[in-house]
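Student: Structure for this input, please:
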Amino acid sequence: MFETSYFDQLQDYIASGCTIELTDDELDYYNVLYAMIGIQRKYSKDNAIAFLMHEPFNVKRQRAREMYSEAINLFFADDTIENNAHRNMMYDNLIKAAQVVLSTAKSSKDMEVYGNLTAQAFKIKLLDKPDPQKREEIKDKNIKIYMLDTDAVGIPKIDRQQLAAQIDAIQDIPERERVRLKRDAQVIDVDIIEMLDDQEAKTKDYE
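Tutor: Predicted coordinates for the structure are as follows:
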């Protein structure tokens, strides 16, 4: 059985979202590759290959190995599962295996196997590494408050007229820049239209 490979057809089948209709032979091929993945997960690669070498398939070892490779490439080539999900699955599997060993342990060797499985699980879960530093809690942060009302923080009010005079005393600056300084210092009110025109003029200067 399975002397003919339908790997290419099955790739197209999966890429189509399993909407392409398969022939009976292609469907049998798909099912046996899928079965090999299940056996590999639970019993290992060697048992998955041996599965094809016995009744009712009687596939030769070399062909069975080729089909195993096809199964892996077909179902795992575009694996998009995140690493954390893989870690969690492997951690669960190792912990389950460790619990089985622990419940049936009869010797110190069994306990050694249990310890090794547990250690591997902890490493996969990254429990052997320090936890990443947590983000600083809001209550632990220094809160900064910015305000324009100097009276609120006990600072004397600024004499805007004096500030305006100081800006006017600055020599060798364009009038447009002098107006911007007064506006930033809140000596004069902000004119949105004027600000837009000013920005447009600056853009043209750069061009």
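Student: how many other residues sit next to F75?
Tutor: The number of residues packed near F75 is 15, by other C-beta atoms under 10 Å. In short, each C-beta sits where N, CA and C put it, glycine included.
Student: cool, and D168?
Tutor: If you count neighbours by other C-beta under 10 Å, D168 ends up with 12.
Student: swap in K45?
Tutor: Quick note: K45 (other C-beta under 10 Å) scores 13 neighbours.
Student: residues touching it, list them.
Tutor: Applying C-beta atoms under 8 Å, 6 or more residues apart in numbering to K45 gives the contacts Y68.
Student: do you know how far it is from R176?
Tutor: As judged by C-beta to C-beta, to the nearest Å, K45 and R176 stand 76 Å apart.
Student: same question, D8
Tutor: Distance from D8 to R176, counting by C-beta to C-beta: 70 Å.
Student: so where do the helices sit in this protein?
Tutor: Using DSSP state H, the helices of the chain run over 7-15, 24-43, 45-53, 61-76, 83-104, 108-124, 160-168, 175-184, 192-206.
Student: Okay, buried residues for the second one please.
Tutor: Using 16 or more other C-beta atoms under 10 Å as the burial criterion, the residues of helix 24-43 that qualify are E26, Y29, Y30, V32, L33, M36, I37, I39, Q40.
Student: Same question for the fourth one.
Tutor: Within helix 61-76, the residues scored as buried using 16+ other C-beta under 10 Å are R63, A64, R65, E66, M67, Y68, E70, A71, I72, L74.
Student: List the residues that contact the closest residue to the first one other than its chain neighbours.
Tutor: Translated: R63. Leaving aside its sequence neighbours, R63 sits nearest to F2 (C-beta to C-beta, 6 or more residues apart in numbering; 6.9 Å). By C-beta under 8 Å, 6+ apart, the contact set of F2 is Y29, V32, L52, F57, V59, R63, M67.
Student: Run through this structure and note the low-pLDDT ranges.
Tutor: The model of the chain has pLDDT under 70 over residues 77-86, 132-158, 189-207.
Student: Show me it divided up by domain.
Tutor: Annotated domains of the chain cover 7-76, 83-124, 150-206 [automatic domain parsing].
Student: In JSON lines, list the helices of the chain along with distance to D131.
Tutor: Shown next, in JSON lines, are those (distance: least, C-beta to C-beta, whole Å):
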{"stretch": "helix 7-15", "distance to D131": "39"}
{"stretch": "helix 24-43", "distance to D131": "31"}
{"stretch": "helix 45-53", "distance to D131": "35"}
{"stretch": "helix 61-76", "distance to D131": "31"}
{"stretch": "helix 83-104", "distance to D131": "15"}
{"stretch": "helix 108-124", "distance to D131": "13"}
{"stretch": "helix 160-168", "distance to D131": "52"}
{"stretch": "helix 175-184", "distance to D131": "46"}
{"stretch": "helix 192-206", "distance to D131": "48"}
